[in-house]
Structures are given as C-alpha cells and as structure tokens.
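In: the following block contains a protein sequence and its predicted model.
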Amino acid sequence: MKRLARNRLKSFSVDRLLRHALRHWHAQEGWRAVEVLQRRGSPALLARIETLSDSPRVRRRAVGMSIAAQLMRREQGRDVLFAEQQTQQLLLRGLSDPHHDVVRAAVAGLGQRPHGASVQGLLRLSTHADSKMRWQVAVALGSYEEPEAIEGLIRLATDTSAEVRDWATFGLGTLRDDDTPEIREALRANLQDRDEDVRGEALVGLARRGDHDIVDVLITQLTPECHLYELDAAEALADPRLVEPLQALSRSAPPSWTAIWQTHLDEALAACSNQSVPVGTERSSAS
C-alpha cells in the first residue's frame, strides 16, 4: 500500500506535491509528498522552499524546512546533495524559529547536512522540554566532529528519555571513533542502564575501543537470549576468551534464530578465533 501511494505521488507536479504536503502535514501522506520533493532538487524548487521558509504560516515554514533537510537531485543514476550551502543557511535560520515544528525540521536537516555554525544552537536545544526535540538533537550531533558535540552527546546519554539515551550512546559508541576517558566513562555508566538497547549500544561502543574489561560481561550475556549487540561486541573485541562461550552458543542456538543471527555469530566466532590472547588485557591509553 505504501509503495503504491509513493509511486502515485511520483507522477505529481511540484505544485501538486507541495499542496499535498501542506494539506496532509503530520500525516503519512504529507511525509510521502515531502520525500518525493526532496529528490527533485532544482533552482525552481529551491526558490519555492525559500519562499515557504519565509512564510508567516507555521505549516509552510515547517514543510519548507523538511524539504530543505534532504534536498537531492539525480545525477548519473544516484542521488546527490543539491544546493547544500543555500539549504544549510535556511536550516540555520530555522533553529531560531518560534515554533517547535519548524525548529525540529531544521535540526533534522542539520544532521543530514552538518554546519559547524549550528553546534551551539543544537546544544541549547539539547535541554529542550520536548523529548522528541532532544532525540532529534542527539541524532544530529552524531554527524558533527566538533568537541562540543561530544560533550552534548555525553550529556544526552544520561537523558531521562530512553530513546534519547539510546541514540546518544549510539552516537558516542558507534558513529564516532573518538576514544577519550570521558567517552569511555559515559559508555561504562550506560552498561548499567535500565534500557536494554542503551546497554547494548554501550557494550558495542566499548568493544570498538578495545576495552577488554567487558569480556566478563560478554561471557555472562552470550546466551540464547542475547541480542545482536553482544554478538557485534564480541566480533569488535575479537578476544579469544570469547571463543568457548560463542561455540557453546552456536550449539545451543534456538530454531527461531534467523540467518542474520547465525551470520553475526559466525563472524564473531571467526574474529575471536583469529585473535591472539591479549597480554594482561591490554587497553589503549584512553582507559
């Protein structure tokens, strides 16, 4: 059904798509129209987006920002960014909009096409009362290299919302390669989180940084009830002490496990089997 609706929208003109997006804003139909428009980048559409973004009406500004967030055009069989600098400037202005729908669309866009000038604005929004806004900020900050972005993610990794903590922990542990005592401390703290996804992201993040202190945690968690997080962490850590529990898991894997699970298990076992025993559970200097 969704595919049919999207294919139908592809035949619409830009004017009709814009009317559809505005009429059905906050509904799936509206978002599908926005998605189609996002792949029709052209100077004419950019001009329409700029007009929408300057409108006194909230819905028009929000639709304009949402299209600008991922404006692309087709070149040689693939989608490429269109008018990156112009849309970045629109999105930066959107951070100061008085309405949260417009701001959230701008934050989402600045995660897709990062601009260093937006970091301080994103950090201010990281304490917003709306957890959806804080979640969007956590997603966006994962695309930034600035040290302040790391500080923001560390703070959001302790957010009251599990969804925000989950994405912030993913941003720290997987989206970034930085390895600092502060990042490791945040990841270790979230090993005890009440949310299983947050715990899993923290485990993977520490494994990617070669923290062999988590071996004992992994050994206790590599059971038929484990998640892909544990298997991915075992593969990243590649510690030979995990070979035996992984082999035991392979023998006791339930019939409900899919081919994807078995592939992750096989890859983890191969990685750990090929690794020499770490001397004194070595760690990087960031420990």
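Out: Looks like it arrived, so ask away.

In: SS state for Arg179?
Out: Small correction: residue 179 is Asp, not Arg. Three-state call for Asp179 (DSSP: H, G, I helix; E, B strand; the rest coil): coil.

In: give the contact list for the spatially most central residue of the chain.
Out: Central residue of the chain (CA atoms, centre = their mean): Val139, 4.8 Å from the mean position. When contacts are counted by CB atoms under 8 Å, 6 or more residues apart in numbering, Val139 is found next to 108, 111, 167, 171. C-beta here means a position set from N, CA and C on the backbone, and glycine is covered the same way.

In: might one say that Asp178 is in contact with Glu151?
Out: No. Asp178 sits out of contact with Glu151 when judged by CB atoms under 8 Å, with a separation of 11.4 Å.

In: so the spatially closest residue to Ala117 that is not a sequence neighbour is in which element?
Out: Distances taken as CB to CB, 6 or more residues apart in numbering put Leu92 closest to Ala117, at 6.0 Å, once the chain neighbours are dropped. Assigned by DSSP states H and E, Leu92 belongs to helix 84-94.

In: that helix packs against which elements?
Out: helix 43-53, helix 58-69, helix 100-112 (3 or more CB pairs under 8 Å, 6 or more residues apart in numbering; DSSP states H and E).

In: turn those into a markdown table, columns for distance to Ser11, mean neighbour count and mean pLDDT.
Out: A markdown table is the format used below for these (distance: least, CB to CB, whole Å; neighbours: other CB atoms under 10 Å; pLDDT from 0 to 100):
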| stretch | distance to Ser11 | mean neighbour count | mean pLDDT |
| --- | --- | --- | --- |
| helix 43-53 | 17 | 17 | 97 |
| helix 58-69 | 18 | 24 | 98 |
| helix 100-112 | 26 | 24 | 97 |
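
In: now render those helices as JSON lines, adding distance to Pro254.
Out: JSON lines is the format used below for these (distance: least, CB to CB, whole Å):
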{"stretch": "helix 43-53", "distance to Pro254": "51"}
{"stretch": "helix 58-69", "distance to Pro254": "42"}
{"stretch": "helix 100-112", "distance to Pro254": "38"}
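
In: between those helices, which one is closest to Gln86.
Out: Among the helices and strands packed on helix 84-94, helix 43-53 comes nearest to Gln86, with 6.2 Å by CB to CB.

In: so what's the nearest residue to Leu125 once chain neighbours are set aside up against?
Out: Distances taken as CB to CB, 6+ apart place Val137 nearest to Leu125, at 5.0 Å, with adjacent residues excluded. Counting by CB under 8 Å, 6+ apart, Val137 touches 107, 122-123, 125-126, 128, 152, 156.

In: one more time with 10 Å, if that's ok
Out: For Val137, the contacting residues are 104, 107-108, 110-111, 121-128, 152-153, 156, 159, 164, 167-168, by CB atoms under 10 Å, 6 or more residues apart in numbering.

In: where does the protein have low pLDDT?
Out: Across the chain, residues meeting the criterion (pLDDT under 70) sit at 1-7, 275-287.

In: which parts of it are strands?
Out: Using DSSP state E, the strands of the chain run over 72-75, 78-81.

In: can you tell me which of those strands is packed in deepest?
Out: strand 72-75 (a mean of 13; mean count of other CB atoms under 10 Å).
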